[in-house]
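K.L.:
I would like to see how this sequence folds:
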Amino acid sequence: MVGRRALVLAGGGLAGIAWETGVLRGVAELSPPAARLLLDSDVLLGTSAGSAVAAQIGSGRRLEDLFDLQLAETSTEIDPGVDIDAITALFLQALREPGERGPLQRIGAVALATHTVPEPVRRAVIAQRLPAHHWPDRDLRVTAIDTATGELVVFDRHSGVDLVDAVAASCAVPGAWPPVTIAGRRYMDGGVASSVNLGVADDCAVAVALVPSGAETPSPFGPGPAAEIAAFPGSAFAVFADEESLAAFGPNPLDPRCRAASAMAGREQGRREAAALARFLGV
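P.N.:
The predicted model follows:
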């Protein structure tokens, strides 16, 4: 397939990290050439959970090792102890508030006002999550949102931002984790408005997106991931979490206990998708 190729890794909590890693592992088991093309994509675009997976892939760590880490009974991940439904309700309330601030600015204000673990504690968790703390010599793009302006920001190896800080910012779920301070500004989860942010890869002709949510997941900020991917100007292939995978995620995708089941479900779905992915990639 001709043209620059992007592997787009969407947001979805710890369940999403495990599932995306599992999907790639399953594809590799049945179609090693397809998996190699995905891992060697010209662009790795990561949002929220996907930023961690993108950075892990970019580090050069073996996929088998990354998958095995998701199955480990112990990890350095911590449970934020939040109610996902309560966070959603908080978002919706912020969106309904009148005033001059835009919806993402209002959610940014919620993120700044919420009591969470200290920023250094959260940063240490992200640092443990990444095999390498330096930007790889490839096109890795990490999204985050400025809490003050609501603007989407893309960090890469030319941004002058520490990789751990970039991934921590991208994963800073409002109401669950602290916004991340970078050069005096505060950033929150890059997936608040869009879990895929596919427009960041609009310089690519081909995109494969792994999305740890259902295809019909709605968004108050736009048409949702399925419509966003369908509108991509190039050729796009999306893997959305199927019913088995969604069941494996459980009620809280931020709970570390969801990791193993999510990884195994992703692996099985990756095996089911391998042939179609190989055809799409022409291998």
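
K.L.:
Checking the closest residue to I84 other than its chain neighbours next. Helix, strand or coil?
P.N.:
Counting by Cβ to Cβ, 6 or more residues apart in numbering, I84 lies nearest to N252, which is 5.4 Å off, once chain neighbours are set aside. (C-beta placed from N, C-alpha, C; glycine too.) For N252, the assignment made with DSSP: H, G, I helix; E, B strand; the rest coil gives coil.

K.L.:
from now on call the first residue 53
P.N.:
Okay, using 53 as the starting number, the last item reads as N304.

K.L.:
And for N304, the neighbour number?
P.N.:
A count of neighbours around N304, defined by other Cβ atoms under 10 Å, yields 19.

K.L.:
I'd say it and R311 touch.
P.N.:
No - counting by Cβ atoms under 8 Å, N304 sits too far from R311 to count as a contact (11.8 Å).

K.L.:
Name the residues of stretch 174-183 that come out as buried.
P.N.:
R174, R175, A176, V177, I178, A179, R181, L182, P183 (16 or more other Cβ atoms under 10 Å).

K.L.:
coming back round to it: and the residue nearest to I136, backbone torsions?
P.N.:
With angles defined as degrees, to the nearest 10, N304 sits at phi -140, psi 100.

K.L.:
Give me the contacts around the helix or strand harbouring L147.
P.N.:
Using DSSP states H and E, L147 maps to helix 136-148. Helix 136-148 is contacted by residues 155, 158-159, 161-162, 225-228, 272, 303-306 when judged by Cβ atoms under 8 Å, 6 or more residues apart in numbering.

K.L.:
pull the longest strand from this protein.
P.N.:
As assigned by DSSP state E, the longest strand anywhere in the chain is strand 191-198.

K.L.:
can you give me the mean pLDDT across that one?
P.N.:
If you average the pLDDT over strand 191-198, you get 99.

K.L.:
Sheet partners, orientation included, of it?
P.N.:
With DSSP bridges as the test, strand 191-198 is paired with strand 95-99 (parallel), strand 204-207 (antiparallel), strand 237-241 (antiparallel).

K.L.:
Would you point out which residue is most central in the chain?
P.N.:
The centroid of the chain falls nearest to G102 when counting by Cα atoms, centre = their mean (2.3 Å).

K.L.:
wait, doesn't it sit right on L262?
P.N.:
Yes - applying Cβ under 8 Å as the test, G102 and L262 come out as touching, 7.4 Å apart.

K.L.:
who touches both of those two?
P.N.:
Residues touching both G102 and L262 by Cβ under 8 Å, 6+ apart: V60, L61, A62, E72.

K.L.:
just checking, the first one is part of a helix?
P.N.:
No - following the definition three-state DSSP, V60 is strand and is not counted among the residues of a helix.

K.L.:
Which residue ranges of this structure form strands?
P.N.:
Secondary structure of the chain by DSSP E: the strands cover 57-61, 95-99, 191-198, 204-207, 232-234, 237-241, 258-263, 287-292.

K.L.:
before we move on, back to that, with respect to burial, which of the strands paired with strand 191-198 scores highest?
P.N.:
strand 95-99 (a mean of 29; mean count of other Cβ atoms under 10 Å).

K.L.:
The stretch 153-302 of the chain: helices as residue ranges?
P.N.:
Ranges of helices within the stretch 153-302 of the chain are 155-165, 171-181, 215-222, 277-282, 295-301, based on DSSP state H, counting those that start in this stretch.

K.L.:
For the residue nearest to I136, give me the pLDDT.
P.N.:
As predicted, N304 sits at a pLDDT of 94.

K.L.:
With the one 5 residues further on instead?
P.N.:
We note a pLDDT of 96 for R309 in this prediction.

K.L.:
quick one, what contacts it?
P.N.:
G302.

K.L.:
Tell me which of the strands paired with strand 191-198 sits nearest to A330.
P.N.:
strand 95-99 (19.8 Å; Cβ to Cβ).
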